[in-house]
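# fold the following and give me the result.
(chains A and B)
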Amino acid sequence: MSNKLINWFRYASPQTFYPLAGRMIPWFWGLAAIFGVAGLGIGFLLAPTDAQQGEGYRIIFLHVPASWMSMFIYLVMAFWAATGLAFNTRLSGMMASALAPTGALFAFLSLWTGALWGKPMWGTWWVWDARLTSELILLFLYIGFIALQAAIDDPRRADKAGAILALVGVVNIPIIYFSVQWWNTLHQGASVSLTRAPSMAAMMLWGMLLCALACWMYSIAVALMRVRVIMLERERHTDWVRALLAGRE
Amino acid sequence: MLSLIRAVIGRDLRLAMRRQADIVAAMFFFIIVVSLFPLGVGPEPEQLRRLAPGVLWVAALLATMLSLPRLFADDHRDGTLEQLALAPEPLALIVLGKVIAHWLVAGLPLVVLAPVLGIQFDLATDALAVLTLSLLIGTPALSGIGAIGAALTLGVRGGGVLLSLLVLPLYIPVLIFGAGAVDATVTGLGAQAHLSLLGALALGGVFFAPWPTAAALRVALE
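From the prediction side, this is the model:
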């Protein structure tokens, strides 16, 4: 098997992944900035004012991407957690713990921007409807994951315990996503769908998709930066970290 | 297989019976928390009737949380858990037995106490019956889901607080459907749908929870 064209596990080792992540980070930051400026430019300058909601609807350019990312990052986190449990790779657990704070940030942003939007539109900061509640549970799950990992001193055990918790919590993601269809609630259904024409103006859609891409690139960049720090911290007893730190001084 | 589960249940019940103070303390915690609410929000019967299902259910969640840390901690401390993990039988089955024993010790007393406490809140007879039934169906799910949290926080710094942080969010569906069943009876909608969903949660919880719990125990024992 050694004559394969690509060695998939080459970058599964922190030693080889560390410089690769370092090279990728500026690119993702750059893309995040470009997409962010383009998305917000379209969102604030070009997209038409909504007929019913006025200017207030423009919060969706942050709200919808943040909600998507909060759910998607949890899935990615659970994926790395499962990989770590199955293949016992060191890097997987590090990726999962690097993603958690960003996911929690987006879950919080989603709730906060939703509250800012809800006050003028629904007349209330918060309602106990299914989607809001399950997004709140998602935030609690992130907090629980971070707290569990912080409480366990041995990083290997922290990774595995966190992985089991992440996989148990994954049940919540479909509940959030489909809650608007299952329960007839105040929160409107999805405005964007792959199978039918979107129920919004093309310019709004483009703005939102660009902002989503910006959030995506930002998440990757931040997660890579965090995972680099985690790698240094956990591998500080190894030769490559010593050589790296010695070379830097 | 059944004899193994029966043996684990018998052992855990015998141990629990030798420490009856723990069971009684959790029961009185339940009674006291429930009794605090009328003192806090005022004794108007109309308001109390509205609050009763939620208050009783939240108190039941908290009382269950109180007894969860001991589910594996004592066995962990004296090394029994390692012997159980070394046994040729699957660890998940042993966990299932411990979950059932935990429900008999911590969940069932709450079900028995609930009608008496419901009377304090001036609940009608049919609402009392549904409240008791919803607790009877729902508390096994609490023991099952709680076992995952208890195993994850085994031997961890600040385990008790962490346990509630992990487990309470996962309890929310049980709370919603359990308290919702009583509300639906009071408003005349019928509790059938809520109770069915609660039953599904309980069966799913008790059936699936032993596997992640066993995995978490093996992580803790490493």
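# residues of chain B that sit close to chain A?
B:148, B:152-153, B:156-159, B:162, B:165-166, B:168-170, B:172, B:212, B:215-216, B:219-220, B:222 (CB under 8 Å from any CB of the partner chain). For every residue, glycine as well, the C-beta is placed using N, CA and C.
# just list the residues touching residue B:45, thanks.
residue B:122 (CB atoms under 8 Å, 6 or more residues apart in numbering or on different chains).
# list the contacts for residue A:110?
So residue A:110 contacts A:63, A:66-67, A:70, A:135 (CB under 8 Å, 6+ apart).
# list just the nearest of those to chain B.
Of all the contacts of residue A:110, chain B sits closest to residue A:135, with 11.8 Å by CB to the nearest CB.
# and the closest one, what element?
According to DSSP states H and E, residue A:135 maps onto helix A:130-151.
# tell me which residues in that helix are buried?
Across helix A:130-151, burial judged by 16 or more other CB atoms under 10 Å in any protein chain shown covers A:130-149, A:151.
# helices or strands up against it?
Where contact means 3 or more CB pairs under 8 Å, 6 or more residues apart in numbering or on different chains; DSSP states H and E, helix A:130-151 is packed against helix A:60-87, helix A:90-122, helix A:155-169, helix A:172-182, helix B:159-186.
# please list the residues of chain A that sit near chain B.
A:85, A:133, A:137, A:140-141, A:143-144, A:147-148, A:151-153, A:156-157, A:160-161, A:164-165, A:167-169.
# report the spatially nearest residue to residue B:136, omitting neighbours in sequence.
Closest residue to residue B:136 in three dimensions, ignoring its sequence neighbours and counting by CB to CB, 6 or more residues apart in numbering or on different chains: residue B:111, at 4.9 Å.
# please identify the helix or strand for that neighbour.
Going by DSSP H and E, residue B:111 is in helix B:108-120.
# next SSE after that helix?
As assigned by DSSP H and E, the chain's next helix or strand after helix B:108-120 is helix B:125-152.
# which strands or helices does that following helix pack on?
Identification of packing neighbours for helix B:125-152 by 3+ CB pairs under 8 Å, 6+ apart yields helix A:155-169, helix B:45-67, helix B:70-77, helix B:91-102, helix B:108-120, helix B:159-186, helix B:192-208, helix B:210-221.
# what residues are up against the closest residue to chain B within chain A?
Minimum separation of chain A from chain B (CB to the nearest CB) falls at residue A:140, amounting to 3.9 Å. The neighbours of residue A:140, taking CB under 8 Å, 6+ apart as the test, are B:165, B:168-169.
# want to throw those residues into a markdown table with neighbour count and pLDDT?
Output for the contacts of residue A:140, formatted as a markdown table (neighbours: other CB atoms under 10 Å in any protein chain shown; pLDDT from 0 to 100):
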| residue | neighbour count | pLDDT |
| --- | --- | --- |
| B:165 | 21 | 88 |
| B:168 | 20 | 88 |
| B:169 | 20 | 86 |
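# okay, now the unreliable bits of chain A?
For chain A, residues meeting the criterion pLDDT under 70 lie at A:1-9, A:50-53, A:176, A:179-201, A:249.
# in stretch A:116-124, what counts as buried?
For stretch A:116-124, the neighbour count (16+ other CB under 10 Å) marks A:117-118, A:121 as buried.
# run the chain-centre distance for that stretch.
25 Å (CA atoms, centre = their mean, to the nearest Å).
# what lies in contact with it?
By CB under 8 Å, 6+ apart, stretch A:116-124 touches A:53, A:56-57, A:59-60, A:63, A:125-127, A:186.
# how about 6 Å then?
Contact partners of stretch A:116-124, identified using CB atoms under 6 Å, 6 or more residues apart in numbering or on different chains, comprise A:56, A:59, A:125.
# may I see the buried residues of stretch A:14-30?
Quick answer for stretch A:14-30 (16+ other CB under 10 Å): A:14, A:17-18, A:21, A:25, A:28-29.
# meant to ask about stretch B:3-10, not that
For stretch B:3-10, by 16+ other CB under 10 Å, it's B:5, B:8-9.
# burial check on the nearest residue to residue A:133 once chain neighbours are set aside, number of neighbours?
Spatially, and ignoring its direct neighbours in sequence, residue A:133 is nearest to residue B:172 (7.4 Å; CB to CB, 6+ apart). When neighbours are defined as other CB atoms under 10 Å in any protein chain shown, residue B:172 has 16 of them.
# name the SS class of residue A:236, please.
coil (DSSP: H, G, I helix; E, B strand; the rest coil).
# and what of residue A:126?
coil.
# spatially nearest residue to it (excluding sequence neighbours)?
Among residues not flanking residue A:126 along the chain, residue A:115 sits closest, at 6.0 Å (CB to CB, 6+ apart).
# which pLDDT value goes with residue B:108?
Per-residue pLDDT puts residue B:108 at 92.
# tell me who's in contact with it.
With contact set as CB under 6 Å, 6+ apart, residue B:108 has no partners.
# equivalent analysis for residue B:141, please.
By CB under 6 Å, 6+ apart, residue B:141 lies in contact with B:174, B:201-202, B:205.
# redo that, cut-off 10 Å
By CB atoms under 10 Å, 6 or more residues apart in numbering or on different chains, the residues touching residue B:141 are B:103, B:107, B:170-171, B:173-174, B:177-178, B:198-206, B:209.
# quick one: contacts for the residue of chain B found nearest chain A?
Here chain B gets closest to chain A at one residue, residue B:169, 3.9 Å apart by CB to the nearest CB. Residue B:169 makes contact with A:136-144, A:169, A:172 under the criterion CB under 10 Å, 6+ apart.
# residue A:58 contacts residue A:203, doesn't it?
No - the criterion here is CB atoms under 10 Å, and residue A:58 misses it with residue A:203 at 11.8 Å.
# okay, and the common contacts of the two?
Shared contacts of residue A:58 and residue A:203, defined by CB under 10 Å, 6+ apart, are found at A:43, A:47.
# and the two? Which one has more around it.
Using other CB under 10 Å, the more surrounded residue of residue A:58 and residue A:203 is residue A:58, with 19 against 13.
# now that one. Nearest residue, chain neighbours left out?
Residue A:58's closest residue in space is residue A:43 (CB to CB, 6+ apart), at 5.9 Å.
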